[in-house]
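1. The sequence and its predicted three-dimensional model are supplied below.
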Protein chains: 8
Amino acid sequence: MDPTKLRDLLDGVRRGETSVDAAVEALARQPFAEIGGAVVDHHRAIRTGFPEVILGEPKTAAQVAAIAIELAKGGGNVLVTRVDPAKAAAVIAQIPGMRYAEEARCLVLEQHDIEMRGAGPIAIVTAGTADAPVAEEAALVARLAGNEVIRISDVGVAGVHRLLHRLDDLRRATAIVAVAGMEGALPSVIAGLVAAPVIAVPTSVGYGASFGGVTALLGMLSSCAAGVTVVNIDNGFGAGYAAALVNRVGGGRP
Amino acid sequence: MDPTKLRDLLDGVRRGETSVDAAVEALARQPFAEIGGAVVDHHRAIRTGFPEVILGEPKTAAQVAAIAIELAKGGGNVLVTRVDPAKAAAVIAQIPGMRYAEEARCLVLEQHDIEMRGAGPIAIVTAGTADAPVAEEAALVARLAGNEVIRISDVGVAGVHRLLHRLDDLRRATAIVAVAGMEGALPSVIAGLVAAPVIAVPTSVGYGASFGGVTALLGMLSSCAAGVTVVNIDNGFGAGYAAALVNRVGGGRP
Amino acid sequence: MDPTKLRDLLDGVRRGETSVDAAVEALARQPFAEIGGAVVDHHRAIRTGFPEVILGEPKTAAQVAAIAIELAKGGGNVLVTRVDPAKAAAVIAQIPGMRYAEEARCLVLEQHDIEMRGAGPIAIVTAGTADAPVAEEAALVARLAGNEVIRISDVGVAGVHRLLHRLDDLRRATAIVAVAGMEGALPSVIAGLVAAPVIAVPTSVGYGASFGGVTALLGMLSSCAAGVTVVNIDNGFGAGYAAALVNRVGGGRP
Amino acid sequence: MDPTKLRDLLDGVRRGETSVDAAVEALARQPFAEIGGAVVDHHRAIRTGFPEVILGEPKTAAQVAAIAIELAKGGGNVLVTRVDPAKAAAVIAQIPGMRYAEEARCLVLEQHDIEMRGAGPIAIVTAGTADAPVAEEAALVARLAGNEVIRISDVGVAGVHRLLHRLDDLRRATAIVAVAGMEGALPSVIAGLVAAPVIAVPTSVGYGASFGGVTALLGMLSSCAAGVTVVNIDNGFGAGYAAALVNRVGGGRP
Amino acid sequence: MDPTKLRDLLDGVRRGETSVDAAVEALARQPFAEIGGAVVDHHRAIRTGFPEVILGEPKTAAQVAAIAIELAKGGGNVLVTRVDPAKAAAVIAQIPGMRYAEEARCLVLEQHDIEMRGAGPIAIVTAGTADAPVAEEAALVARLAGNEVIRISDVGVAGVHRLLHRLDDLRRATAIVAVAGMEGALPSVIAGLVAAPVIAVPTSVGYGASFGGVTALLGMLSSCAAGVTVVNIDNGFGAGYAAALVNRVGGGRP
Amino acid sequence: MDPTKLRDLLDGVRRGETSVDAAVEALARQPFAEIGGAVVDHHRAIRTGFPEVILGEPKTAAQVAAIAIELAKGGGNVLVTRVDPAKAAAVIAQIPGMRYAEEARCLVLEQHDIEMRGAGPIAIVTAGTADAPVAEEAALVARLAGNEVIRISDVGVAGVHRLLHRLDDLRRATAIVAVAGMEGALPSVIAGLVAAPVIAVPTSVGYGASFGGVTALLGMLSSCAAGVTVVNIDNGFGAGYAAALVNRVGGGRP
Amino acid sequence: MDPTKLRDLLDGVRRGETSVDAAVEALARQPFAEIGGAVVDHHRAIRTGFPEVILGEPKTAAQVAAIAIELAKGGGNVLVTRVDPAKAAAVIAQIPGMRYAEEARCLVLEQHDIEMRGAGPIAIVTAGTADAPVAEEAALVARLAGNEVIRISDVGVAGVHRLLHRLDDLRRATAIVAVAGMEGALPSVIAGLVAAPVIAVPTSVGYGASFGGVTALLGMLSSCAAGVTVVNIDNGFGAGYAAALVNRVGGGRP
Amino acid sequence: MDPTKLRDLLDGVRRGETSVDAAVEALARQPFAEIGGAVVDHHRAIRTGFPEVILGEPKTAAQVAAIAIELAKGGGNVLVTRVDPAKAAAVIAQIPGMRYAEEARCLVLEQHDIEMRGAGPIAIVTAGTADAPVAEEAALVARLAGNEVIRISDVGVAGVHRLLHRLDDLRRATAIVAVAGMEGALPSVIAGLVAAPVIAVPTSVGYGASFGGVTALLGMLSSCAAGVTVVNIDNGFGAGYAAALVNRVGGGRP
């Protein structure tokens, strides 16, 4: 029941045109969702500063474009994830200002400047060059949600000195996204070196016993280091989003 | 190389007793770990306010007691996880002030008051009564790390109204730990209702196709809601620890 | 032994041309299947009102067309499932009146009006837009078997208010098909809100730890809500068919 | 908000003591759960005739007894599932009238006669003698929910004639629960012979490649017969409960 | 319909007391199982010479004893598989002449001499000493079904010369049961050396990546040698039984 | 050491040109393989009447043709399995008399008439039409190895009467190959009806929880019927080959 | 054919008492195994310096003692692996000089001094204290096979500085055994730091997604570092044995 | 900190321009990686004689060419693994002297002669012809790292005499790489015949229950033979590399 209708009902009660019994009945049968709708609005308000997001993969270019145009009316920034180049080209042709972040495989429509809201920089760390697309997706959503992003690339555990070389950058970050395939050990090593929370993203990089990212996923879940949490395989978006949420705890930047 | 030895070396250089070449040689061959040791110290300093933690399960009562006594010398609080009642009794007999948190299956030695450091309360939410032990472990480490804890119990998704009834409490929390077995859907529903980051803990509750928590784990990783990250099955400690880290991002309470 | 042959044998006995011993022998050795054939006929009679069904996937267009033409001779409606557009076009070219339900990926030949037989409407509920093809297949078979179908779409558990908004429709249904991928939690939430039986269909929607629908399947089987039963991954046909059977228990509509 | 409080609020509006704005505000912020609570009550009313159910396995005898006593106050029948003999004895000692159904491993407190509500009998069919405990659990909940139960035992597919021998009984049933371990083929064979819906229950009977019921579960999900739905391994309770729900569709018995 | 009833019916037809129509009706509705019962008898007759078999594992000593006594009335030999020593002692106490084959974990009641029926000897081959119990079970059922048994033990592939040493014995066999755990390679090597069919039995021997016999099972199924078929993990009974069936093809011994 | 060389050595000893010591040395160091080669010849001789077999899948058309030409020199029949139509055409172009069995996806070169060697007919039974290619491969190798083949098609367990209808044919067979996908229950039902050994072949037919044939495989291994052995998924060749071996036990036809 | 018999045969040929034809026949039919036996002797000679090894787990104390006594007659050292304390005590009671290495769960009988044969020291490295038993087993067999052993303990990747601290010791080793549970990342880090071959041993340490060592196993197989090979879960013996073999390549110590 | 900067700092101390305190501070905060960088250099020096290696699979031809050109500047040999023919052609077009090893699917640039460093020859053994590509990759890296390579092909365990025929070659090898798909039993048989360490490589050859190499992998890990270690599925590169490392232990060739 939207506020207008509710006000009408209550006005009826106040004027004596609606009996209290009838109003009790009407309100008690009120479907949840009307209030639920309000909840969502309130909720979205709290997440102000995040882009509108469309999962592009299972949708046609026409569907993506239609939804993106609709969402863009709100004036916010719009992010479409998991878009291949052909679909991207088809969408861009319909939406002025939309651009394609090729490595991240995302479409972005930036309609307003991004206000910095995170407590500090988010580090996006990769074990190998093949992890870059997932990391780029994470970096994009983190940036659009108002965070400075530090990229630390190709610092896998088989060359631990390369990671140590970037320790100062790692320590500057207030939240860390660690992206790795194969044995997925990078987040464990990082969590042993820094005090910030580490969000681990397994990637489907590797072959044979890597099982499309399952080995990295299990390794991250079994991490011997406290402070690591994990998202789904190749879920760069989820990691960047969660890192952005984490990075606002405590009110974000002054 | 500890600072004393380093100072001695440098004093030798300054006094001309040690040649620059010899000092270069000594420092270049300096094992990493000496500096690494310093790193760890620095690192631990950042995590000030966390208890010292011992994983009790693979250790004998004698081993637990010895390590706990050693760690207690630092004056901090000490937490021992995964301790059964018999082992707990044996340890308590040796350490005055140690007490057993039975439901959490943890031993705790509180040597000083806990300073509140979190940005706000951490909500620990369970789907069913059988998830309580894991939740208690999470609650204990979160509290010892300086956080107010709100418990929201037995609000599984098959009775979604019970969860909605606690919505105000959920929204007060700045970080949420959601504990569930069976299909593990609770974190998805929560993340759709609140703006705080949600750390999901699958439990080994259930039978048959629950596969000792694997189904809940996979469900949480596949969550259709953004903002959810996951820890290992039954890893209440890891969830509480990560929630405490998250809850300090941005500097924690003023 | 078909009735004619059986009658001939008995006539022989009656006329004294066949001894009782010889007839006992002949009947005792009678293969099962002859009677079995009769059983099937009887059985099919009970399922009157269901369409004839062909699984299109492993067959060529020519095979599908031949079987469909044969089955259509009985005068009933014919449904072909799992047909891609190219194969559909090839079949339609050979069978006047056959049409293609594109989203459901089914061919339908309606040769007679459908008589309503269900006790009430069947609700087909989806968690996300990507679940639509499976839901459409379920809806098609449910309708062809004589049921009113209510569609409730895109009400996944990460936005539980959207589901609550449709509660009146859900409660009108006498049987419910709940279609969901990823964590597959939708059936649990529904079964907690309504009194009708819920048939859950996991879909192969999702990536990584969704494992092509296995996670949703396991989640549905592990449901914490009573009243949920499950069919195979992406088995919209099976769910719609089972819902139609359920919806006739008690005699269907008056 | 309970009806009394709601009425007070509306009376205030009617009397002019509460402004319409204040009432809008109060109602708009009304937590879901209050209405949700009402929903549940309504919902439970629809499921009248089902026993109150307690999952006994993860609870102590004391916990079971306390909950059972509380639930019994409502005057309904009470069922406790998954109780071993020792725990059963301890509970019985505290609750007069409670009795132990040993094979089903359930405690039952029947406080009132059971009203028949099902459309017809429910057949509970087992493949082998080792499937009996799961079948008994299903039979118990089906009976308590107001259904006549037909038991058809030990009719596994390696002796298909034994099943055919019971065909008349099978065909009398309006809903069927088929319980089988090992290859789990029984439900497929049954669904090919009858017109009623078949609810399949895999059991953990078997060894090696039976994998504790997983093989039977997968076999049932992959059934080549339409009309089969599946519940979790060893979930006799869930199967009996779902069968009882199904058996009321269409209004149950005249 | 048993022969007596059938004869009565036909007599009625012959005497003109029963119309042909009524008899057709009665016979057409005749349940399968009556004839099915006859089928089974016929079938069992073909398998003359096999012992009666009881799977002991899920039954109590009292149940085993009762069934064994019942089956023994037919005068045949009786085999009870998967019986631990305690249960065996309890059964033996009730059945004179029953003895316990400890390594095979079977009870045997030999009421008559065994007639040799196999085409030649069956070789039972093991890879290691830990495979002996499964092999003994296979040997026991093979012998009871009328076969000479050759034991070739401890000839695993890591010492291929030990197997070659027994080549003459292997080549004498007309059917071979190859029992192996760990990598399960023994059947492949044997099938490359002999012309007889090889029935492979994986055992649950091994640890870690042996996964309780699954690795051996998969290895045997993936065998690079033609002529190998496989039974379930630890299923010595099934292998011995199948070998005995195979060994009678062609009519067995002259 | 081939016979000629061996004879030369012994002649040397006989003539006194080679000392006994030198001959002992030479013979003791004789590599296995020389005798091994002889073994293989002997072994192949025993399997006389089987075709020469080439696994076509991993080889190029040129490789297949070269090997087939080489093998054909021996005058025997040649079978190439797992050949797609394009590769088949390329091979046929090079080898006169080679023909393509399309459904079985095999190439066959029959250079001599096939002598009947089996004890009786081999029945090749399928559950559904999609199982036909695997069955055809089995039938082809069985026939080439000297067996009469009976085809019994499309008799899956969801229509058990269709199988019973063919019972006489089933009982005529001295060995049975049962081919089924999905739940894979066909071999269990057959083994309960006949006395011949049953070789079960799981097929990759089905979707979702069929897991590419794994469910059928596990179901067959877990069969509740004695007398069933299993080969790898889709391994029609292996099943037909093993059936042919089995069908010669006891000496085959008189 | 043992040398004596062979000599007799050849003497017969030399004396003209045995024809060349008869001798060719006798030798051509000579079973492989006789020569095979010789091969093994030769082979064992090459592995001189390794202890005799008995896998204790599946054997009774009496069996272990009997085999150990038999093997001890050769004068070599004897190692029994996987022995629990009770079994160990029973064996020691029968064999003077046998002692129990408790942490390694092994029995050892050292009858002669161990000659150093390895090229250099073997480092046995563990990630955590719970990995110690597996490491001790590896260390024991490595030492008995003639190698100096360096222990580097509790240097898991979550505290990478602890590992770096021991870099000099690591670099001294000519072969490395790396033992780790949970995510199993230790071998990758080590292989990135040293030039020696690394043999990785996954342990069953951990819970939940560690799956009894499977996660560590998969991680090690998927290692991003070249130079790592892997043995079975908890297979300390196999790792130590392989390391000892590796450590002799090139002839071992001068 | 590079030596020059370090020297400057120490010169400052020596001259009194830098205080000891400031130097301690500067050195204690020295990032690990600087020293780490040195470590890597030192480390690479030890592995002198190995080619530079690029994993070609996830990179474009342009990326491969650029990296190869860069690495080639060092004057060493360069190996690119996992390159398909099209990519190979594109790279070769840009780099004079680069050639394509087609079966191994590798690009090789040999800029200098290879110095023999291994203790003896490395045998690369395959079970079947389909294992050749993986074996060729192993052979290539082994040769480039300074080893003589012996190829022993197509000696799978179903024809064990073929393997025995090559025993002399096997025994000459100081390290062995055994490559096999399907049941993966070859390494076990080899390790029972020779004294050299065996590195096992499972291949993805096979179908059905081979599960893309998983069955071979598990079989190799479960090997009943001591002295076997395992690398990832199809990881020919890793096996050849590890064999080359092993083959230098003890200093390699004199």
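-> Perfect, I can see it now.
2. All the helices of the stretch 151-254 of chain A, residue numbers only.
-> Counting by DSSP state H, counting those that start in this stretch, the stretch 151-254 of chain A has helices at residues A:160-164, A:167-172, A:186-191, A:214-221, A:236-246.
3. In TSV: those helices, plus mean neighbour count, mean pLDDT and distance to G:Gly75.
-> Bear in mind the C-beta positions are built from the backbone N, C-alpha and C, glycine included. Written out in TSV, the entries for the helices of the stretch 151-254 of chain A read as follows (neighbours: other Cβ atoms under 10 Å in any protein chain shown; pLDDT from 0 to 100; distance: least, Cβ to Cβ, whole Å):
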stretch	mean neighbour count	mean pLDDT	distance to G:Gly75
helix A:160-164	24	86	47
helix A:167-172	16	91	57
helix A:186-191	30	94	48
helix A:214-221	30	93	46
helix A:236-246	30	96	62
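4. Pick out the residue in the stretch 1-150 of chain A sitting closest to chain H.
-> The nearest approach of the stretch 1-150 of chain A to chain H comes at A:Ala130, 4.3 Å away (Cβ to the nearest Cβ).
5. So what's the residue count around that residue?
-> Per other Cβ atoms under 10 Å in any protein chain shown, the neighbour tally for A:Ala130 reads 19.
6. wait, isn't it in contact with H:Pro58?
-> Yes. Using Cβ atoms under 8 Å, A:Ala130 and H:Pro58 qualify as a contacting pair, with a distance of 4.3 Å.
7. Residues in contact with both of those two, list them for me.
-> Taking Cβ atoms under 8 Å, 6 or more residues apart in numbering or on different chains as the contact rule, the neighbours common to A:Ala130 and H:Pro58 are A:Val205.
8. gap between the residue lying closest to A:Phe211 once chain neighbours are set aside and H:Val230?
-> For A:Phe211, ignoring the flanking residues on the chain, the nearest one in space by Cβ to Cβ, 6 or more residues apart in numbering or on different chains is G:Leu218 at 7.0 Å. In this view, G:Leu218 and H:Val230 are 12 Å apart by Cβ to Cβ, to the nearest Å.
9. What of A:Ala139?
-> Note on A:Ala139: its distance to H:Val230, by Cβ to Cβ, is 37 Å.
10. So these two - more neighbours on which side?
-> For A:Ala139 versus H:Val230, neighbours defined as other Cβ under 10 Å are more numerous around H:Val230 (33 against 27).
11. need the contact list for that one.
-> Applying Cβ under 8 Å, 6+ apart, one finds that H:Val230 lies in contact with G:221, G:229-231, H:187, H:199-202, H:217, H:220-221.
12. Name the nearest of these relative to G:Ile114.
-> Minimum separation from G:Ile114 among these (Cβ to Cβ) is found for G:Val231, which lies at 22.6 Å.
13. Show me the strands in chain A, by range?
-> A:52-55, A:78-81, A:99-101, A:106-109, A:122-126, A:149-152, A:175-180, A:198-202, A:228-230 (DSSP state E).
14. The fifth one - contacts with which helices or strands?
-> What it means is strand A:122-126. Judged by 3 or more Cβ pairs under 8 Å, 6 or more residues apart in numbering or on different chains; DSSP states H and E, strand A:122-126 is in contact with helix A:132-144, strand A:149-152, helix A:167-172, strand A:175-180, helix A:186-191, helix A:236-246.
15. strand partners of it, parallel vs antiparallel please.
-> strand A:149-152 (parallel), strand A:175-180 (parallel) (DSSP bridges).
16. Grab the most central residue of chain A for me.
-> Against the mean C-alpha coordinate of chain A, by Cα atoms, centre = their mean, the closest residue is A:Tyr241 at 2.4 Å.
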